[in-house]
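**Q** no sequence for this one, just the structure:
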DNA sequence: GACTCGTGGAA
DNA sequence: TTTCCAAGAGT
């Protein structure tokens, strides 16, 4: 286990005091790796994007769809998507509006637009092959720190810290001894995740998938099944008596009455329509004209909706 | 860092 | 019924 420097600029006077995170010693790592990886070997779900035939493109599509959306709702859309667009170039060859339509009700439809844009970039810049390099993945539209690491790790077997909400929760409990991680990912969490990463590349990739799956199936947000947990004996949170979360409340998301709800209703009309939609059809989805106009303007600004010269609207052709 | 951005199922 | 929350990214 190599100690990773946590700063790139070495001379730094008055380094900030770090939170008292339990040291991720080599002993801690080796203690956790085997149980979690062995558990994964037995309990991993048979998800289509984990099968060899999915390939890097399948992995990437699944990662886009799974951003803030549960597996159960992604499954059918994923299958249709890969059947229709088996390669990035297939998707890039169609208008972005078709991606938005096929996205259906997965939510956050800008992800569909970004996946289409990513497919175009892959086609143009990478010869139609999903890049392997983390930096090149990160440069694609809609690919952030998590997704770049996930594709590099799951599709190409590389060694990366894959920090999603599941992994963050597992580490918060097992190592840091708290019920929930902070609202936003911190530098301390990244340090911890990197320190816990197995040295061996393929082991690291399995560790990433295994910790994620553990968080999804056992170490869940609401009612974790600690009796089924392979590392219950090592869990700092359990050892501390499963103390309740303290600190600021985790942000709830109100939805009713927001612009997001209005945008969703507007876009739903356009997804179902086979021809451009007249203004009146959009006016019918929301009573309040100011908010309705703001939502529609936002959709146009985002490139999710295309206004026509005759006053009608449609999903974007370009 | 704080916000915004959809949707629907489960507790 | 209301609340929570689900493999985040971009601004």
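**A** Nice, I can see it. A quick note: this is a predicted structure, and the numbers were derived from the prediction, not measured.

**Q** is there any residue in stretch A:162-172 that contacts DNA strand C?
**A** Yes - against DNA strand C, stretch A:162-172 shows contacts by Cβ under 7 Å from any atom of the strand at A:164, A:165, A:166, A:169. C-beta coordinates here come from the backbone N, C-alpha and C atoms, glycine included.

**Q** go through those and name the one nearest residue A:294.
**A** residue A:165 (30.3 Å; Cβ to Cβ).

**Q** grab the nearest non-local neighbour of the closest one.
**A** residue A:215 (7.4 Å; Cβ to Cβ, 6 or more residues apart in numbering).

**Q** so the one you found: helix, strand or coil?
**A** helix (DSSP: H, G, I helix; E, B strand; the rest coil).

**Q** what is the burial count for whatever residue of the stretch 51-200 of chain A ends up closest to DNA strand B?
**A** Among all residues of the stretch 51-200 of chain A, residue A:107 sits closest to DNA strand B, at 2.0 Å; criterion: Cβ to the nearest atom of the strand. Using other Cβ atoms under 10 Å, residue A:107 has 14 other residues around it.

**Q** so where's chain A shaky on pLDDT?
**A** A:1-29, A:251 (pLDDT under 70).

**Q** in chain A, what residue lies closest to DNA strand B?
**A** Counting by Cβ to the nearest atom of the strand, chain A gets nearest DNA strand B through residue A:264, at 1.5 Å.

**Q** leaving out chain neighbours, which residue sits closest to that residue?
**A** Counting by Cβ to Cβ, 6+ apart, the residue nearest residue A:264 is residue A:107, at 7.9 Å.

**Q** surely the one you found is in a helix?
**A** No - secondary structure of residue A:107 (three-state DSSP): coil, not part of a helix.

**Q** look up how far DNA strand C lies from it.
**A** 7 Å (Cβ to the nearest atom of the strand, to the nearest Å).

**Q** quick one: contacts for that residue?
**A** For residue A:107, the contacting residues are A:68, A:69, A:264, by Cβ atoms under 8 Å, 6 or more residues apart in numbering.

**Q** now rank those residues by neighbours and give me the top one.
**A** residue A:264 (18 neighbours).

**Q** pull out the buried residues from the helix or strand that contains that residue.
**A** Residue A:264 belongs to helix A:259-272 when assigned by DSSP states H and E. Neighbour-count burial for helix A:259-272 flags A:260, A:261, A:262, A:263, A:264, A:266, A:267, A:270, A:271 (criterion: 16 or more other Cβ atoms under 10 Å).

**Q** fine by me, we can end here.
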